[in-house]
Every structure is written in C-alpha cells, then in structure tokens.
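Trainee: Next come a sequence and a model predicted from it.
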Amino acid sequence: METRTLISHAQLRRGRGRVIYWAVLTVVVLGFTLVFLGPLYWMVTGAFKSGLEIAQTPPTLWPKDPQTQNYVDAWNNLALAKLMFNTFYYAAGAVFFQLVFDTAAAYALSKLRPMFGNLILGLMLATLMIPAMVLIVPQYVTAIDLPFVHVSLLDSPWAIWLPLVANAFNIFLLKRFFDSIPEDLISAAMVDGASPLRILWSIILPMSRPILGVVSIFAVTYVWKDFLWPKLVMPSPETRTLSVGIYAFAGGTPQNIVVAASVIAAIPTVVIFLIFQRNIMSGLTTGSLKG
Amino acid sequence: MAIIAPDSLNKIKGTNAAPEKTRGKRSRRLQDNLTGYAFLAGAVFCFALFSWFPMIRGIVMSFQRTRRGVTTWVGWDNYIRIVHDPSFWTAWKNTFYFTVLALIVGYAVPFFVAILLNEFRHAKGYLRVLVYLPVMLPPASALFLFKYYAYDPSEAGLFNAVLKFLHLPTSEWMQSPGMTIPAMVIASTWMNMGGAVLIYLAALQNIPGELYEAAELDGAGIWRRITNVTIPQTRLILALLAMLQIVATMQLFIEPLILANGAGTQDSATSVAYLIYQHGFFQNDLNGAAALGVIMLIVLAAFSAVYVRLTTKKD
C-alpha cells in the first residue's frame, strides 16, 4: 500500500482524475526534459558546429557539418589531459585524507570520547556557519606562508587537501553514523583485547561502507566543481584544475572550443552521478534530514 | 527532523561524570584521553590551520596594513577605504537584488516542483535524476554554456531563438544592465535547484498521510491542503533551507566572474564577493578585502540572528 499524499490515489485512478494525472505527467516529463536536458543537448551539439554555423539565425537544431575537430582542438590546445590528471589527483588525495582524518576524528568523538570532545565538536560545527567567502583572504594568507614554519603551499596539492579535511559536515555525518553502531560490539571487542585502531579498522569501518561511499563521492564532486580556491592556490599552468584551466584559456580561445572543453570537463562528474545516483541522493537527504 | 540533531551532541555528556577513585583507573582514563586526542589530531590540525586560525586572522588583518613586508596597525582605515570604493554600494545593491530574486524564484520553484514530483507514481526516478543533473556539472562548464550559447545577445542565442519563436521580445541579456541580475538568477537556479528539490521531497515523504485524509474530509481543496498541511508540516526544513540559500546567494561570485567578466556592463554584475576578490588579488589590498569579509560576516550574522528570532517565535 502506497502512502497517501496531497491528492488521493483513488481520485487519480479513475475518470477525470486519471486523464488530468496523465496529462500533467506528460507535460511535466516533456517540460523537464526540455529544461534540464535541453541546455546540455545544446551544449554538446553546439560544440560540434563550426564558428559560422553557431552565429547563424535561426540556430540549427542539429549540426549540419559536425566538426569533431572542435573537441580534438579543445583537448590539445587546452592541454585537457594534464588538467584532467591534476583534478583527478587532487580529488583522489581529498578522498584519501578526508577518509583517514575525518573518520578517525568522528570515531574519537563518537566512541573514544576524550575530555572536551563535545567542545571540539562544537567548535568544528561552528565553522559551518562561517561563509566561505569571508575566510578566503585569511586562508590564502595562511596557505602562502604557513604559521611558524613559513612554508608556502602555492602550487602544492596540500593546499587543496588540508583545507578539505576541515569539513565539519563530514565529521557530523560520520559521527552520527558511528553513534548508531551498538556499544556492545565495541566493549566485546575491547574485552578480547582489541586496540582502538583495531576496533575502528575491523568493526566500525566495515559496517560504515555506505557512509564512507557518500563521503568519497562528495569529496570527488566537490574538488571537481570547486573554482575560486584552486584558482588562487594553483597559479601555475601546470598545476591548474580543469575548471580553472578552461577559464584561464577562455579569453583567447574560440567560443566553440571553450564549450567543447567545458563538455569534456563535465563528463566525469556526470558519469559519477549516473553510476552512483542512488548513493548521492540518499546521502544528500540523510545528511540533512531526519533526527 | 532537525538538521543538526541536538541529542547527538548531548550523548557525549556524562562520560567523565563519575570521579575515579583509584590511581590505576585515573591513569587508565588519562591514557584513553590521549588515544582519543591522537585520533582527533589530524582533523583538529586542519581545522585549526584553515578554519579557526583564519577566522581570527581575518579580523586581525582588517585592522592592519601590510606594505612592502611591514605590517602596522591602522585602526579603521581599511574599513573607511573599502566603504569609499566607488563600487561598494553598487556591490551590496546587486548582491541584495540577486539574493531577493533568487529567493523568489529559486526558493518557491523547487518547493512546488517537489510537491508535484511527490504526487507522481510514474517516471519519478527519471525526473529526480533530471533535476539533479545540473548540480553535478562543474559551475564553470555550465556558465560557459550560458554565456556563449544561451545568453548570446544576437538572435543566434538559444534563449533569444526561443523567445523569437514564441513571438516574444528578445533581450540583450548580459549586455543590458537591467537583465544582468535576472539572467544570473536563471543560470544559478538552473544549476543549483536540484539539491533543494531532493531535500523537500524527502521532507514531503515524512508527512503522515492521515493529515491529508482528515483535511480532505473537512472539505479542504488542493490549495488549502498545501497551505494547511504541507507547508506547516515542512516548515522547519523550509525555514532552514531559506536561510542556507540566502547565505549561499549572498556569496555570489562565479556567476558574475564568468557570465559578466566580473563587473558586467556599467557595474551591473559586481557583487560583494567579487569586490573582495578584486581588492585581495588584483588591487594588492588583502587588508581591505579582509575588512570587507568582516563586514559581510557581520551582515550575514545579523541577518541570521533576526531570521532565527522570527522563525522560532511562532512556536
């Protein structure tokens, strides 16, 4: 039995209700396809058009003479292979360090509970209220000249990895998941003489695969989408990310090539989404809802 | 249904309550604490370096001035200079305009989309994927699409072609100062509404069906059921997302940067965040940028305080 929503199912199943239901559904499906897939279609096919064809009125629905060369040029002229490798490398590191440090911290806060643990958690959660733009300048000043050691992180992947570990949302998500793991399991393991690290590795982590998956996917998409911070801390052409690299080239590159590069840059996140859509959507809602 | 369940914070309390009597137990407890801190160390280090310390440093920097490597205290000078920037008030005006417009469009639309999707028994998964798809695109990619193909001011642009097809007047989009902000709102809503739709959908699924049943028996029509059941039942999440959205849209940055090359026609796109970026990284004025950051923090904090006050009063 389905749950009752705004309009009762019985009403939608017969007579006039049924007709209206199917009419509205058809309109919405067509409308949404047009609104959300339409621009993407336009983007992919538009980048196949020649410069002449793209300036033509009215625009053509399908490229008359598809120029695969646009995509090839984008790949070569903007050195997309290098940019994609950089972005992937930063994303992989971000996943690794978030998983190591954030799960360790969440485990400590949830199960080991050292003194002042809740104060530390509170201070971490408080950072959720600080808008990113407010911190951008002092964060940058910190990254170019680390306190005490006076080392600059510019062009170093650490400049992307370390700030991402300071992710209160992850710690909150992981801690809440760990809280739901029964205490009995852990005390039983402790009686058997398991060390805290052993308990984390052999009991907690295997039980937490879904949430670890969610955290990893979010880390990858975050790095892939991020723009301003990598733009500031990765100033050299060799260390840029995809988004920053495309932006840097946009000024002196034909529009079609820029859009072709944008299409290529978007493929990995779209593929990740299509594969992991269930995990992403459930992670999004369980993270924010339900108490 | 609270975003941050307060009970999960309280659970930690009471662990240190019972005072240990014997020496052995005390050293055991100390060792447990040390183990706990060892596990926390990595994350705490990163928070300290990139969140807690910069927060304080931003405030300190806003009262200093660094010239040729020499830092001096300058009192309110940075604030005075930033307020006298010719774009200061325009930036706030644009940012507020964007925020309000994005709230009207980008806040109501996802809610009604979610209500609609929740009624469907078919194609639900497909529609959900569609709405969330733009969220997964890198913003820079999506904005180049808008900039070059959708907002092309000639009739070769996607939007103008559609408008012309419908016999509506075409627009110059980013080239006309009056359309700059609405055009940015359209692009931003398209890119970001998926997250809100999914969160609302989850909230709608938690509404007990009996409430609709009862309302219908009392003769409430669809609209009355929305205003008397749906909205009150999702009020908490509605209030929370409104606040999150306002804080996010007030930081408007990448849309003006890419769509309008920063300032836009006649300063029509300059945002506060863009001004921070300009001062900090182009005018060699990191201290002024820090001061503007502090002003932004105060405005957002004041807004949040008033907002929380207003929304919790009704309880």
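Mentor: Looks like it came in fine.

Trainee: Show me which helix runs longest in chain A.
Mentor: helix A:255-288 (DSSP state H).

Trainee: Next, the buried residues of that helix.
Mentor: Going by neighbour count (16 or more other C-beta atoms under 10 Å in any protein chain shown), the buried part of helix A:255-288 is A:255-266, A:268-270, A:272-273, A:276-277, A:279-281, A:283-288. The C-beta positions use only the backbone N, C-alpha and C, and glycine is treated the same way.

Trainee: That helix close to chain B?
Mentor: Yes. Looking at helix A:255-288 against chain B by C-beta under 8 Å from any C-beta of the partner chain, the contacts come from A:255, A:258-259, A:262-263, A:265-266, A:269-270, A:272-274, A:277, A:280-281, A:284-285, A:288.

Trainee: ok, the residue of the stretch 51-200 of chain A found nearest chain B - contacts?
Mentor: Nearest to chain B in the stretch 51-200 of chain A, going by C-beta to the nearest C-beta, is A:Pro114, at a distance of 2.9 Å. Contact criterion C-beta atoms under 8 Å, 6 or more residues apart in numbering or on different chains gives A:Ala108, B:Asp32, B:Asn33, B:Leu34, B:Thr35, B:Gly36, B:Tyr37, B:Leu40 as the residues in contact with A:Pro114.

Trainee: Any chance of CSV for those residues, columns neighbour count?
Mentor: As requested, the contacts of A:Pro114 are exported to CSV (neighbours: other C-beta atoms under 10 Å in any protein chain shown):
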residue, neighbour count
A:Ala108, 28
B:Asp32, 16
B:Asn33, 17
B:Leu34, 11
B:Thr35, 16
B:Gly36, 23
B:Tyr37, 17
B:Leu40, 26
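
Trainee: A:Val165: which of these is nearest?
Mentor: Here the nearest of these to A:Val165, counting by C-beta to C-beta, is B:Leu40; it sits at 11.8 Å.

Trainee: Please list all residues in contact with that closest one.
Mentor: B:Leu40 sits next to A:Ala104, A:Ala105, A:Ala108, A:Leu109, A:Pro114, A:Gly117, A:Ile120 when contact means C-beta under 8 Å, 6+ apart.

Trainee: swap the cut-off to 7 Å and go again
Mentor: B:Leu40 makes contacts with A:Ala105, A:Ala108, A:Ile120, as judged by C-beta atoms under 7 Å, 6 or more residues apart in numbering or on different chains.

Trainee: which element is the closest residue to the first one other than its chain neighbours on?
Mentor: This points to A:Ala105. Excluding the flanking residues, the one nearest A:Ala105 by C-beta to C-beta, 6 or more residues apart in numbering or on different chains is B:Ala43, at 3.6 Å. Under the criterion DSSP states H and E, the helix or strand holding B:Ala43 is helix B:23-47.

Trainee: What of A:Thr60?
Mentor: For A:Thr60, there is no helix or strand it lies in under DSSP H and E.

Trainee: wait, it sits on A:Glu53?
Mentor: Yes. Look at A:Thr60 against A:Glu53 with C-beta atoms under 7 Å: they come within range, at 6.2 Å.

Trainee: hang on, the earlier thing: mean confidence for the helix holding B:Ala43?
Mentor: On average, the pLDDT along helix B:23-47 is 87.

Trainee: after that helix, next one along is what?
Mentor: If you walk from helix B:23-47 toward the C-terminus, the next helix or strand you reach (DSSP H and E) is helix B:53-61.

Trainee: and that next one, average pLDDT?
Mentor: For helix B:53-61, the mean confidence score works out to 95.

Trainee: cool, and stretch B:145-153?
Mentor: Computed over stretch B:145-153, the average pLDDT equals 86.

Trainee: before we move on, the earlier item: name the nearest of the contacts of A:Pro114 relative to A:Ala74.
Mentor: Closest approach between the contacts of A:Pro114 and A:Ala74, by C-beta to C-beta: B:Leu40, at 45.1 Å.

Trainee: What distance do you get for that closest one to B:Leu49?
Mentor: 14 Å (C-beta to C-beta, to the nearest Å).

Trainee: same thing with A:Asp184?
Mentor: A:Asp184 sits 38 Å away from B:Leu49, going by C-beta to C-beta.

Trainee: Which one of those two is surrounded by more residues?
Mentor: Here A:Asp184 and B:Leu49 are compared on neighbour count by other C-beta atoms under 10 Å in any protein chain shown; more neighbours surround B:Leu49, at 19 against 8.

Trainee: which residue sits closest to the spatially most central residue of chain A, ignoring its sequence neighbours?
Mentor: Per C-alpha atoms, centre = their mean, the C-alpha nearest to the average position across chain A is that of A:Thr221, at 2.3 Å. By the measure of C-beta to C-beta, 6+ apart, the closest residue to A:Thr221 outside its immediate chain neighbours is A:Thr269, 5.5 Å from it.

Trainee: Could you double-check that that neighbour sits in contact with B:Val135?
Mentor: No. Counting by C-beta under 7 Å, no contact exists between A:Thr269 and B:Val135, whose distance comes to 9.3 Å.

Trainee: okay, and the common contacts of those two?
Mentor: Between them, A:Thr269 and B:Val135 share no neighbouring residue, with contact defined by C-beta under 7 Å, 6+ apart.

Trainee: Compute the distance between the residue of the stretch 101-250 of chain B found nearest chain A and A:Met133, please.
Mentor: Per C-beta to the nearest C-beta, the residue of the stretch 101-250 of chain B with the smallest distance to chain A is B:Gly209, at 2.9 Å. With the distance defined as C-beta to C-beta, B:Gly209 ends up 43 Å from A:Met133.

Trainee: Neighbour count for those two, which is higher?
Mentor: When B:Gly209 and A:Met133 are compared on other C-beta under 10 Å, the one with more neighbours turns out to be A:Met133, at 25 against 14.

Trainee: mean confidence score for the helix or strand containing B:Leu257?
Mentor: Under the criterion DSSP H and E, the helix or strand holding B:Leu257 is helix B:254-259. Regarding helix B:254-259, the rounded mean pLDDT is 93.
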